[in-house]
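Asks: Return atomic coordinates for the entry below.
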Amino acid sequence: MMGPTDPVNGETSLAEAFAAPGPLHGVAALARPITAPSPDPRPLPLPALLLMGESARQAWVDMAVLIVILAVFEWVSGVALGEVFEVVFGVPASTEGPLALEVQQVILFPTLFLRGLGGVALVALILRCREQSAAALGVAGSRWGRNVAMGVAAVIAAYGVIFLSMGLLWLSWPGLQQQMAENSRRIMGVVPRVHPLLFIPVALLIGVYEEVLFRGFLMCRLRRASGSWTFAVVMSTMVFTTLHAFQTPAALIVVAILALVFSLVTIWRRSLIPAIVAHTLFDLSQFLLLYYTAGETWT
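Replies: Sure thing, here's the model as predicted:
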């Protein structure tokens with residue numbers, strides 16, 4: 001029985017021979033390819049924190065909106081807490097003298113919680129308006145265990161860089177030790193001495209809020225707006241350090257080192273979780289160090 005013929009010259013074509021019933025039927029489907037299969041043409045998904053679906057202009061607008069609303073929120077919440085404090089305790093929050101420190105310590109934690117929750121809610125609202133998920137901040141739902149471990153490693157690395165940097169500076173900066181001691185006194189004058197267990201949620205809140213704001217939101221949008229990770233890291237580090245200006249110049253060097261370490265680990269891991277863990281552990285360890293070294297001098 002003859003196979004299909006070519007309509008032009010009457011000869012059987014190879015393709016028709018493989019397709020037609022007979023001894024060769026099905027051989028082509030079972031044969032292994034001679035060459036390697038072509039690679040998957042689908043591109044690998046880019047990390048959401050690269051914000052590829054957002055334009056540079058939108059990134060600048062997002063940052064401007066955040067800064068303006070946060071400034072207004074800080075002012076309004078500060079006035080509101082001051083009024084509540086005066087009504088409850090009968091003392092103006094703007095009082096001066098020795099009582100001023102006591103007032104600041106009493107309202108510090110409520111202020112931090114109000115600022116933190118309000119800031120995170122504002123960032124979430126901007127993400128919702130842009131139709132973005134928490135992954136746009138680097139908060140992904142996978143590899144949590146590995147990212148937490150990287151956070152522990154990051155805080156150890158940060159301490160190593162800090163000790164090395166402070167050691168080198170100490171050789172050429174005679175007043176370094178006095179500045180660090182003065183910084184501890186400033187912190188103890190503002191932060192109330194509470195049981196370490198009570199400070200854990202405070203450290204966690206600060207870690208989440210500041211990392212979401214400075215690394216997850218600000219740094220990633222600076223990169224999207226400028227197209228440069230270097231620019232984004234430098235600028236976000238400068239802003240983060242400036243907002244800690246109540247500390248001494250020597251302590252601000254430590255703050256800048258922390259910001260750089262948190263930024264680099266976020267970029268490397270494409271996740272904000274390691275930075276949150278490292279930030280929380282650093283603040284908690286610093287509190288414990290002051291708690292046990294200052295003793296009763298911290299009132």
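
Asks: Now do the SS call for residue 295.
Replies: Using DSSP: H, G, I helix; E, B strand; the rest coil as the criterion, the local structure at residue 295 reads helix.

Asks: Count the neighbours of it for me.
Replies: Per other Cβ atoms under 10 Å, the neighbour tally for residue 295 reads 9. Heads up, the C-betas are built off the backbone N, CA and C, glycines and all.

Asks: And for residue 280?
Replies: 22.

Asks: Might you report the residue contacts of the closest residue to it other than its chain neighbours?
Replies: Once flanking residues are discounted, residue 280 sits nearest to residue 207: 3.4 Å by Cβ to Cβ, 6 or more residues apart in numbering. Residues counted as contacts of residue 207 (Cβ atoms under 8 Å, 6 or more residues apart in numbering) are 276, 277, 279, 280, 283.

Asks: Name the next helix or strand downstream of the longest helix along the chain, please.
Replies: Across the chain, the longest stretch assigned as helix under DSSP state H is helix 56-89. Per DSSP states H and E, helix 56-89 leads on to helix 98-129 as the next helix or strand towards the C-terminus.

Asks: And that next one, what does it pack against?
Replies: Secondary-structure packing of helix 98-129 (3 or more Cβ pairs under 8 Å, 6 or more residues apart in numbering; DSSP states H and E): helix 56-89, helix 176-190, helix 196-210.

Asks: ranking those by burial, who's on top?
Replies: Highest mean neighbour count of these: helix 196-210, a mean of 17 (counted as mean count of other Cβ atoms under 10 Å).

Asks: Dump that helix to CSV, restricted to CA.
Replies: This file holds the C-alpha atoms of helix 196-210, laid out as CSV (Å, rounded to 0.1, in the frame of the first residue of the first chain):
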residue,chain,number,x,y,z
PRO,A,196,13.6,44.2,79.4
LEU,A,197,10.6,42.1,78.5
LEU,A,198,8.5,45.3,78.2
PHE,A,199,11.0,46.7,75.8
ILE,A,200,10.8,43.8,73.4
PRO,A,201,7.6,45.1,71.7
VAL,A,202,9.0,48.6,71.6
ALA,A,203,12.2,47.4,69.8
LEU,A,204,10.1,45.3,67.4
LEU,A,205,7.9,48.2,66.6
ILE,A,206,10.9,50.5,66.0
GLY,A,207,12.5,47.9,63.8
VAL,A,208,9.4,47.3,61.7
TYR,A,209,8.5,51.0,61.4
GLU,A,210,11.9,52.4,60.5
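
Asks: quick check: mean pLDDT across it?
Replies: Across helix 196-210, pLDDT averages out at 94.

Asks: continuing past it, what's the next helix or strand?
Replies: Following helix 196-210 in sequence, per DSSP H and E, is helix 220-226.

Asks: what's the pLDDT at residue 113?
Replies: For residue 113, the pLDDT comes out at 90.

Asks: excluding its backbone neighbours, what's nearest it?
Replies: In space, residue 113 is closest to residue 205, 6.3 Å off (Cβ to Cβ, 6+ apart).

Asks: next one: residue 151
Replies: Spatially, and ignoring its direct neighbours in sequence, residue 151 is nearest to residue 277 (2.6 Å; Cβ to Cβ, 6+ apart).

Asks: measure that neighbour to residue 108 for me?
Replies: Residue 277 sits 24 Å away from residue 108, going by Cβ to Cβ, to the nearest Å.

Asks: what do you get for residue 158?
Replies: Counting by Cβ to Cβ, the gap from residue 158 to residue 108 is 25 Å.

Asks: Who are the contact partners of the residue lying closest to residue 144 once chain neighbours are set aside?
Replies: Distance criterion Cβ to Cβ, 6+ apart; nearest residue to residue 144, sequence neighbours excluded, is residue 273 at 6.5 Å. By Cβ under 8 Å, 6+ apart, the contact list for residue 273 reads 138, 139, 140, 144, 147, 148, 150, 151.
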